[in-house]
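Peer 1: sharing a model that was predicted from the sequence below.
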Amino acid sequence: MYDGELVGELRGVNRREVIAAYRAYQIKVHGESVAANWPVNDPGIGIGSWKLVGEDAKRLNNKRKASDDDVPSQKSNKPRTGGPPGLRWDPTDYSCAYDSLLTILRAIWRVDSAKWGHRFGSVSRHVKTLANGFERALEGVRSLEDVRDEVRRAFWILDSVKFPKGHAYTSLGDVSDALFGDANWGVHVHKCFRCGIVDHEIAGFRALKYIAVDEARTTAGSLFSISEWFNRYNLRVSGNNCANCGHALMRIKKATKVPPLLVFVLSSPEVIINRELSVLVEDVAAKYYLSGVVYSGKKHFTSRVIKRNGDMWYNDGIETGRESVFEGVMQSEDIQFINYCLTDETTRGAAAIVYALAE
């Protein structure tokens, strides 16, 4: 059980070294075949201390015409900038629930601002506001913090209890629901698989999903992957019986339109995160790739942006502000460690996972 301090062997100057040290420690204590047993309870220990070196220590110019993330990715082991800009945390009106999620959304939008501007507009009026704001920020007319505050004010007007000002904590789930919850991308039906009768069909396929602790494991106790959970969620017993034959009806959720984003809010980081997802839309597979993870711990949210080429960038609105720290290129074995984010001796667990449409 993690008690707030790493054992002596678990030291490293970066994430990969900590992971390597952890593997070696587990093998030493338990043997070669042991699986990583990450803590299930509150993973937060405190706010990490990232340190930017050399040119990385220079702050971004808020009025520049082009963003640092316009620079093509180059594989290098040297510390570098060129990553997605983040948002500075607001110490007057706590903002980390917004900062962490908007950092990921802005990185997705920047891949192709014209295409994603249109897609964001189809999600909700608030996400459309973000796209317009991102464009203005790229032009140097506004800051990303201005964009955040505009959306935040709109949420506060809607519900000042859920979206408070001042030194109050905002739920990441509430922010996600306000951004993505209203959009409907399909239907759900109650169908009898014995006689084929469809009981009723109503709108009901949201791109925002909540995964509860008890839904992330099989009855035997093993973890589901996001993909496995998603398939089970879309096909389950409805609790009603067929009026024709009395057989149990199944509830089927199916997409009839392609959602640009899929967002999973987690009540626990204990779930297997897939690098890619596939969703059937009218019998055609829509592909999604992992674009970012929001982490929670010690009443603070941070984020990791994952680019299509595997580049991973860490951002903390308090510690790194508008800069993002390059962590390396994701390898196939890294996906099993993506549930947790280690910065020095701080560990935070995944609280939300964002997938973007691949096409």
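Peer 2: That came through fine.

Peer 1: hmm, who's touching stretch 190-208?
Peer 2: 123, 176-177, 180-181, 183-189, 238, 240, 242-245, 247, 249-256, 259-263, 265 (C-beta atoms under 8 Å, 6 or more residues apart in numbering). C-betas here are computed from N, CA, C, even on glycine.

Peer 1: any quick ChimeraX command for the buried ones out of those residues?
Peer 2: Burial among these is assessed by 16 or more other C-beta atoms under 10 Å; the matching ChimeraX selection reads:
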select :123,176,177,180,183,184,185,186,187,188,189,238,242,249,250,251,252,253,254,255,259,260,261,262,263,265
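
Peer 1: next helix or strand past the helix or strand of the chain with the lowest mean pLDDT?
Peer 2: Of all helical and strand segments in the chain, the minimum by mean pLDDT, DSSP states H and E falls on helix 15-30, at a mean of 49. Later in the chain than helix 15-30, the nearest helix or strand by DSSP states H and E is helix 96-111.

Peer 1: by contact count, what packs against that following helix?
Peer 2: helix 113-123, helix 125-138, helix 144-158, helix 172-180, strand 284-296, strand 301-306, strand 311-315, strand 346-357 (3 or more C-beta pairs under 8 Å, 6 or more residues apart in numbering; DSSP states H and E).

Peer 1: now with 7 Å, please.
Peer 2: helix 113-123, helix 125-138, helix 144-158, helix 172-180, strand 284-296, strand 301-306, strand 346-357 (3 or more C-beta pairs under 7 Å, 6 or more residues apart in numbering; DSSP states H and E).

Peer 1: so what strands line up beside the fifth one?
Peer 2: Read that as strand 284-296. As defined by DSSP bridges, the strand partners of strand 284-296 come to strand 276-281 (antiparallel), strand 301-306 (antiparallel), strand 346-357 (antiparallel).

Peer 1: mind checking how far that strand is from the chain centre?
Peer 2: Centroid displacement of strand 284-296 relative to its chain, using C-alpha atoms, centre = their mean, to the nearest Å, is 7 Å.

Peer 1: could we number from 17 for the rest of this?
Peer 2: Okay, using 17 as the starting number, the last item reads as strand 300-312.

Peer 1: coming back round to it: which of the contacts of stretch 206-224 fall within strands?
Peer 2: 202-205, 254, 256, 265-271, 277-279, 281 (DSSP state E).

Peer 1: turn the strands paired with strand 300-312 into CSV, columns for mean pLDDT, distance to Asp175 and mean neighbour count.
Peer 2: Formatted as CSV, these follow (pLDDT from 0 to 100; distance: least, C-beta to C-beta, whole Å; neighbours: other C-beta atoms under 10 Å):
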stretch, mean pLDDT, distance to Asp175, mean neighbour count
strand 292-297, 91, 30, 16
strand 317-322, 96, 19, 27
strand 362-373, 94, 20, 24
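
Peer 1: tell me which of these lies nearest to Tyr330.
Peer 2: strand 317-322 (5.4 Å; C-beta to C-beta).

Peer 1: please report phi then psi for the closest residue in space to Tyr330 that isn't next to it in sequence.
Peer 2: Leaving aside its sequence neighbours, Tyr330 sits nearest to Val341 (C-beta to C-beta, 6 or more residues apart in numbering; 4.7 Å). Torsion angles at Val341 (phi, psi; degrees, to the nearest 10) stand at phi -100, psi 120.

Peer 1: what's the separation between Val341 and Arg104?
Peer 2: 15 Å (C-beta to C-beta, to the nearest Å).

Peer 1: Asp350 too?
Peer 2: 28 Å.

Peer 1: go on, Gly149?
Peer 2: From Gly149 to Arg104 the distance is 15 Å (C-beta to C-beta).

Peer 1: when these two are compared, which one has more neighbours?
Peer 2: Between Gly149 and Arg104, counted using other C-beta atoms under 10 Å, Gly149 has the larger neighbour count: 23 against 19.

Peer 1: residues touching the more buried one, list them.
Peer 2: Each residue near Gly149 by C-beta atoms under 7 Å, 6 or more residues apart in numbering is listed here: Arg158, Val163, Glu166.
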